[in-house]
Structure formats: structure tokens, C-alpha cells
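> Sequence first, predicted coordinates after that:
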Amino acid sequence: MEQCVTREGFNGPFSILYFRTPPTDEFDAAVTSLPDFCPAQPIPEQPLHRRHVPAHALRPAGNFLTGRKTLFINDDVHLGAIKPADKPDRFFSNADGDELYFVTHGSGLVESVYGLLPFRKHDYLLIPKSTPYRIHMDEGDASLLVFEGRPHLGIPGQYRNKYGQLTDYAPYSHRDFRLPTELLTFDPAKHGNAPFELVVKMSDRLTVHRYQHFPLDVVGWDGCVYPFAFNIHDFQPITGMVHQPPTTHTTFAGQGFVVCSFVPRMVDFHEKAVPCPYGHASVDMDEIMYYVEGNFTSRKGIKPESISLHPQGVPHGPHPGTYERSIGAKRTEELAVMCDTYKPFRMTTLADAIEDKDYHKSWVNRDGKSSWLSR
């Protein structure tokens with residue numbers, strides 16, 4: 001059976017998949033839920049101040065689906081973290097939007113209707129909306145960050161020419177993106193026996209669809225909709241004589257938000273430049289920063305897998321002392337993922353439970369005095 005997967009009705013990109021058994025042949029559907037993932041529970045009150053959620057405090061549990069934890073939400077993007085410890089069983093399809101994973105630790109394989117996609121540490125994984133898939137992690141520690149773009153998340157339009165090809169001034173080329181390597185073949189030892197289950201997310205609700213046949217049994221496909229992997233170290237940063245704004249690090253974009261990559265790079269090379277980022281009040285956007293590894297120039301008390309939220313409405317900037325320490329630096333070795341969004345983020349009850357409640361006071365001492373007062 002030929003199935004046409006289309007975006008924006010029939011006006012956007014599409015792929016055609018060829019199934020041995022029609023994917024419409026389910027025999028049962030039932031509502032389910034996964035606590036801390038779907039439906040997500042925002043906290044009832046959220047005072048306006050800078051926040052730090054140490055995602056490294058989350059313990060390994062579940063698999064790519066059952067271990068998924070939603071931490072921040074708005075109408076355009078949901079952000080969560082996963083520390084999978086178990087093997088996957090059911091497949092998953094997100095009909096609410098495209099998904100973007102960042103692999104902080106670990107390696108593995110994505111199984112989807114488009115085939116097998118191997119991935120490694122520090123890869124981004126883009127899973128198109130409504131793609132049935134599951135993620136296998138190799139042995140060892142594993143940690144993933146995940147964005148759900150509602151309804152879209154992909155390559156920014158400014159990086160494409162009018163023909164759709166990536167431009168020469170984009171921060172990556174088409175050669176940097178890795179596609180599925182081979183088709184998925186049904187194996188009873190790996191996939192079990194009927195009934196087969198596919199969990200579908202739509203309107204922030206989960207439904208389990210059951211089949212008597214293996215629902216990902218595809219003999220071929222072609223088109224422009226498919227999952228891919230991109231390693232953050234292949235991102236080509238832009239540097240200048242003076243400090244460049246975070247916008248230059250944009251890697252992916254969705255409706256009302258962007259995802260940026262901060263990679264090891266040369267810093268500002270003007271003789272009087274201060275490489276540490278300038279303080280600013282982004283009065284129209286919330287900023288989330290996910291720290292991966294390296295030396296975080298502007299922050300103290302931050303560890304790998306920390307997530308900071310600097311909301312619109314209040315200014316933020318480097319911690320005291322970080323300006324001075326940055327003078328004379330030639331490079332930064334930081335590795336981080338950022339998300340800027342126009343609509344304010346709401347924390348979930350899970351994020352609230354692990355939040356560092358004193359982070360917003362870390363610019364002053366216990367008496368509320370600033371180190372800038374003597375200047």
C-alpha cells in the first residue's frame with residue numbers, strides 16, 4: 001500500500017512509503033498516559049525570576065518513551081530530558097510536532113518506518129512529526145535532551161536559497177546530515193509477536209494503537225520527509241572582532257522559537273574585546289541554556305546537564321568575576337544548547353521539584369550586596 005506523508009496539507013514537503021500491510025489495519029485503540037511526560041503538569045504559580053533546573057539530578061529510569069520527563073512547556077515548544085535505562089518495547093509517534101533530540105551521553109540506533117539511523121554522542125536527531133519510531137541505546141550511561149516543536153521544527157529558512165538547497169554561508173552543509181542507512185526488517189527476536197503496539201501523542205494525550213501485523217513493515221520510500229542525524233561538532237560557528245549575538249548560533253528553528261549550538265570556537269579578537277557575553281534584557285524572549293560540557297565562561301555553579309531559564313521581563317548577565325577572568329582568552333571550549341522562545345516557558349511540577357531555588361540570588365552575596373557596588 002502506498003502512503004503519502006505530507007506537510008502543510010499538500011503544500012509542503014512529502015515522502016511516499018510503501019507498506020506490505022496497510023498501516024490503517026489496527027484492531028484496537030485505548031487511552032493511556034505516562035506521568036511526568038504526557039500530559040505535562042505546569043506549576044500553578046511561577047514567580048518571575050531567573051531559574052536553574054539541574055537535570056543531572058534526574059535518575060536513570062525507563063526507556064526512551066517511559067523515561068521521558070517534560071520540564072518546560074509553552075504553546076510552541078516542549079522541552080524534556082531522558083536518562084533511559086531499559087530497552088524499548090513499544091513504538092511511538094508524535095502527532096503534536098517534530099521532535100529534536102540532543103544526545104548528551106551514549107550512542108545507539110533509531111528504528112523507524114524510514115529505516116535504521118545510527119547515532120553517537122553529541123548528535124542531534126530530528127524525528128519528523130507522526131513518524132513511528134523507537135530508540136535503542138547502547139550499553140553504558142545515556143542522557144538525552146528533547147524538544148517537541150509544535151507543529152514544526154527544522155532547518156531555518158535563512159540557510160536555504162530559493163531552490164531549497166543549503167547556501168554556502170549556512171553553518172553546515174548537506175554532507176553533514178546522516179540519513180537512515182537501511183530499511184527496517186521485522187525480526188521476531190527483536191520485535192516480539194502480535195499484538196504490536198504504537199503509542200500516538202496528539203493534543204497532549206496518548207493513545208495506544210494495536211496491530212496484528214508489524215506496523216513498520218515498509219519495503220521502500222522516497223521523498224523529502226525523513227529522520228536525520230547531525231553532530232553538533234559539525235556546526236561551523238561565526239566569530240568576530242567583538243562579541244557576536246546568540247542569534248549567530250542558530251541551528252534549528254520552529255514556530256516562535258530557535259535552537260542554537262554553542263561549540264568550541266575562537267573568541268572576539270579585537271585588542272580591547274571582553275570575550276565574556278554581555279548582559280542583556282531580552283524583553284521579547286525567554287532563554288533556556290542546556291550546558292553540555294567545557295568551561296562555561298559566564299556562569300558559576302553550573303554543571304553539565306544543568307538547565308538555566310532566563311525569562312523575559314528581567315535582565316540577566318554573567319556572574320560577578322567572569323568578565324575579568326575572560327580577558328585575554330583566545331578560545332572558549334564550552335558546549336551548550338540554547339532555546340529562545342517568544343512565548344514564556346512554564347515549568348512543570350517535576351522541574352519545580354528539582355529546581356535550585358536560590359539560583360536567582362547567585363549574583364549577590366547573602367546580604368543582597370553586589371560586588372559591583374565598590375566600582
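Now that the structure is in, tell me what you want to look at. Residues are numbered from 1 along each chain as shown.

> What distance do you get for Trp363 to Pro315?
According to Cβ to Cβ, to the nearest Å, Trp363 stands 10 Å off from Pro315. Just so you know, the C-beta spots here come from the backbone N, C-alpha and C atoms, and that holds for glycine as well.

> and if you look at Glu26?
Glu26 sits 52 Å away from Pro315, going by Cβ to Cβ.

> quick one, what contacts Asp268?
Listed by Cβ atoms under 8 Å, 6 or more residues apart in numbering, the contact set of Asp268 reads 239-244, 274-275.

> Would you point out the most distant pair within these?
Thr239 and Val274 (14.4 Å; Cβ to Cβ).

> more crowded one of these two?
Val274 (19 against 16; other Cβ atoms under 10 Å).

> For the least confident helix or strand in the chain by mean pLDDT, buried residues please.
When the helices and strands of the chain are compared on mean pLDDT, DSSP states H and E, helix 322-326 comes out lowest with a mean of 75. Neighbour counts over helix 322-326 (16 or more other Cβ atoms under 10 Å) mark 322-323, 326 as buried.

> Poorly predicted segments of the stretch 151-300 of the chain, please.
296-300 (pLDDT under 70).

> can you map out the strands along it?
153-154, 196-202, 205-211, 218-223, 228-231, 250-254, 257-262, 265-266, 286-293 (DSSP state E, counting those that start in this stretch).

> Val77: which of the contacts of Asp268 is nearest?
Gln244 (23.8 Å).

> Just want the phi and psi numbers for the residue nearest to that closest one when sequence neighbours are not counted.
Among residues not flanking Gln244 along the chain, Ile238 sits closest, at 5.8 Å (Cβ to Cβ, 6 or more residues apart in numbering). For Ile238, the backbone dihedrals (degrees, to the nearest 10) come out as phi -100, psi 130.

> before we move on, what about Leu125?
phi -120, psi 120.

> Next up, the contacts around it.
99-103, 110, 117, 119, 135, 227-229.

> Wait, Ala281 touches Glu287, no?
No. Look at Ala281 against Glu287 with Cβ atoms under 8 Å: they stay out of range, at 10.7 Å.

> which residues do the two both contact?
Shared contacts of Ala281 and Glu287 (Cβ under 8 Å, 6+ apart): His316.

> So between the two, which is more surrounded?
Glu287 (20 against 12).

> on that earlier part again, next, format the contacts of Leu125 as TSV and append distance to Pro171, secondary structure and neighbour count.
Listed next are the contacts of Leu125 as TSV, based on distance: Cβ to Cβ, whole Å; DSSP: H, G, I helix; E, B strand; the rest coil; neighbours: other Cβ atoms under 10 Å:
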residue	distance to Pro171	secondary structure	neighbour count
Glu99	21	strand	23
Leu100	16	strand	25
Tyr101	19	strand	22
Phe102	16	strand	20
Val103	19	strand	23
Val110	24	strand	24
Leu117	22	strand	26
Phe119	20	strand	26
Ile135	26	strand	25
Pro227	21	coil	23
Phe228	16	strand	21
Ala229	16	strand	20
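
> Out of those, the closest to Tyr159 would be?
Closest to Tyr159, out of all of the contacts of Leu125 and judged by Cβ to Cβ, is Phe228, at 14.6 Å.

> List the contacts of the closest residue to the closest one other than its chain neighbours.
If the residues on either side of it in the chain are set aside, Phe228 comes closest to Phe177, at 4.8 Å by Cβ to Cβ, 6+ apart. Counting by Cβ under 8 Å, 6+ apart, Phe177 touches 228-230.

> quick one, which of Trp363 and Pro315 is more surrounded?
Applying other Cβ under 10 Å to Trp363 and Pro315 shows that Trp363 carries more neighbours, namely 18 against 11.

> Which strand or helix spans the more buried one?
Taking DSSP states H and E as the definition, Trp363 sits outside all helices and strands.

> That one is in contact with Pro318, isn't it?
No. With contact defined as Cβ under 8 Å, Trp363 does not reach Pro318; the gap is 9.2 Å.

> what bridges to Ala126?
Small correction: residue 126 is Leu, not Ala. Listed beta-bridge partners, Leu126: Leu100, Phe228 (assigned using DSSP bridges).

> can you pull the contacts of it?
Contact analysis of Leu126 by Cβ under 8 Å, 6+ apart lists 98-100, 153-154, 227-230, 252.

> Format the residues you listed as TSV; extra columns: distance to Arg210.
Output for these, formatted as TSV (distance: Cβ to Cβ, whole Å):
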residue	distance to Arg210
Asp98	25
Glu99	23
Leu100	28
Leu153	29
Gly154	31
Pro227	24
Phe228	29
Ala229	30
Phe230	34
Phe252	34
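
> Let's have the buried residues of helix 322-326 in JSON lines, adding distance to Thr66.
Converted to JSON lines, these look like this (distance: Cβ to Cβ, whole Å):
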{"residue": "Thr322", "distance to Thr66": "39"}
{"residue": "Tyr323", "distance to Thr66": "44"}
{"residue": "Ser326", "distance to Thr66": "42"}
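
> Return the closest of those with respect to Lys343.
Closest to Lys343, out of all of the buried residues of helix 322-326 and judged by Cβ to Cβ, is Thr322, at 29.4 Å.

> count of residues packed around Glu8?
Neighbour count of Glu8, defined by other Cβ under 10 Å: 10.

> same check, this time on Asp123
23.

> Quick check: Phe269 touching His243?
No. Counting by Cβ under 8 Å, Phe269 sits too far from His243 to count as a contact (10.8 Å).
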